[in-house]
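1. output the structure for:
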Amino acid sequence: MDWLFSHVMNDPWQAGLVFAIVVFASVVQFGLGMGFGLTASPLLALIDPVLVPGATLMIGMMTSGWGAWRERGDIHWPEVGTASLGRFVGVAMATVVLAGLASRESFSLIFGAMIGAAVLLSVLGLRLRFTRTNLIAMALLSGLMGTITSVGAPPLAILYQDRAASAARPTLAAFFSIGCAMSLAGVYISGWAGWRDFGLAALMVPAMILGALIARKLAGRFDRRYRPLLLAIAGTAAAILILRAIL
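-> Numbering: from 1, shown residues only. Alright, predicted model coming up:
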């Protein structure tokens with residue numbers, strides 16, 4: 001079974017911490033409609049880099065797909081199709097970047113920098129007019145960042161922040177479920193993921209389900225007031241990852 005479990009999964013305390021992180025990130029995802037990657041990825045990378053991006057992308061795809069299915073009647077499919085074109089280009093660019101990385105240290109450095117960029121985009125509170133061109137551009141950036149780090153929400157959040165949540169949430173969930181599948185293909189092509197990631201993702205599924213149930217019980221009480229805390233956690237983790245790669 002060593003081919004499946006990383007050293008983290010052989011340590012009960014660290015395995016419990018991974019479980020707790022995935023539960024919390026799932027509560028964020030189902031409560032806000034996005035945010036699983038930004039919450040989970042930097043923390044999981046600190047515990048063990050083998051948990052990102054492959055396994056985390058798989059869980060992100062499941063949470064997004066679940067959310068999209070629940071609100072499938074409100075999905076704006078033309079927007080999903082347009083954004084997917086941009087995502088495809090971003091994924092292709094990220095695949096080239098990943099294929100050129102020679103070590104886990106270089107991956108951690110790029111990963112930390114990308115997470116930091118995602119946090120910065122979220123903090124700046126930028127606003128863009130919703131146009132087809134901007135949608136493709138932000139989806140491209142989402143694909144680049146999401147494939148390397150499994151965090152692709154911030155660019156699209158900028159574009160959709162002024163849209164009604166009832167329409168934006170299911171549309172973004174559908175986009176991210178498709179986008180994560182694209183990113184997974186890119187990660188595997190680049191050689192930065194393998195069959196073990198399916199096993200690691202399967203181990204995280206119970207935590208994801210528990211998070212979904214908790215989010216349902218909270219019934220909207222987990223709202224955007226928690227955003228500064230989430231960004232602070234992600235930013236701190238990104239800084240640690242960068243320092244770890246440099247030192």
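2. ranges for the helices of the chain?
-> Assigned by DSSP state H, the chain shows helices spanning 12-32, 36-47, 54-70, 77-99, 104-124, 132-149, 153-160, 165-190, 196-218, 227-246.
3. determine which stretch of the ones you listed is the most buried.
-> Using mean count of other CB atoms under 10 Å, the stretch among those with the greatest mean number of neighbours is helix 36-47 (a mean of 27). For glycine as for every other residue, the C-beta is placed from the backbone atoms N, C-alpha and C.
4. per-residue confidence at the residue positioned nearest the centre of the chain?
-> Taking CA atoms, centre = their mean as the criterion, residue 37 is the residue nearest the geometric centre of the chain, at 2.6 Å. Looking at residue 37, its pLDDT reads 89.
5. how about it: what's its closest non-neighbour residue?
-> Leaving aside its sequence neighbours, residue 37 sits nearest to residue 151 (CB to CB, 6 or more residues apart in numbering; 4.0 Å).
6. burial of that neighbour, as a residue count?
-> Residue 151: 32 surrounding residues under other CB atoms under 10 Å.
7. my read: it touches residue 145, true?
-> Yes. In this structure, residue 151 is within contact of residue 145 by CB atoms under 8 Å, at 6.0 Å.
8. shared neighbours of these two, anything?
-> 114, 118 (CB atoms under 8 Å, 6 or more residues apart in numbering).
9. just to revisit the earlier point, thinking the residue nearest to the centre of the chain is in contact with residue 146, fair?
-> Yes. Applying CB under 8 Å, one finds residue 37 in contact with residue 146, separated by 7.0 Å.
10. list residues touching both of those two?
-> Common contacts of residue 37 and residue 146, defined by CB under 8 Å, 6+ apart, comprise 57, 152-153.
11. out of those, the closest to residue 126 would be?
-> Taking CB to CB as the measure, residue 126 lies nearest residue 153 of the shared contacts of residue 37 and residue 146, at 14.1 Å.
12. ok, the spatially closest residue to the closest one that is not a sequence neighbour - contacts?
-> Leaving out its chain neighbours, the residue that sits closest to residue 153 by CB to CB, 6+ apart is residue 34, at 4.4 Å. Residue 34 sits next to 153, 156-157, 169, 172-173, 176 when contact means CB under 8 Å, 6+ apart.
13. farthest-separated two in those?
-> It's 157 and 173 that sit farthest apart of the contacts of residue 34, by CB to CB, at 12.7 Å.
14. what is the nearest of the contacts of residue 34 to residue 74?
-> residue 169 (8.0 Å).
15. what about that closest one, distance to residue 67?
-> The spacing between residue 169 and residue 67, counted by CB to CB, to the nearest Å, is 7 Å.
16. before we move on, what about residue 52?
-> Per CB to CB, residue 52 is found 21 Å from residue 67.
17. next: residue 200.
-> For residue 200, the distance to residue 67 equals 22 Å [CB to CB].
18. contact partners for the closest residue to residue 108 other than its chain neighbours?
-> Using CB to CB, 6+ apart and skipping the chain neighbours, the partner closest in space to residue 108 is residue 245 (4.0 Å). For residue 245, the contact set (CB under 8 Å, 6+ apart) comprises 105-106, 108-109, 112.
19. any idea of the pLDDT on residue 245?
-> 81.
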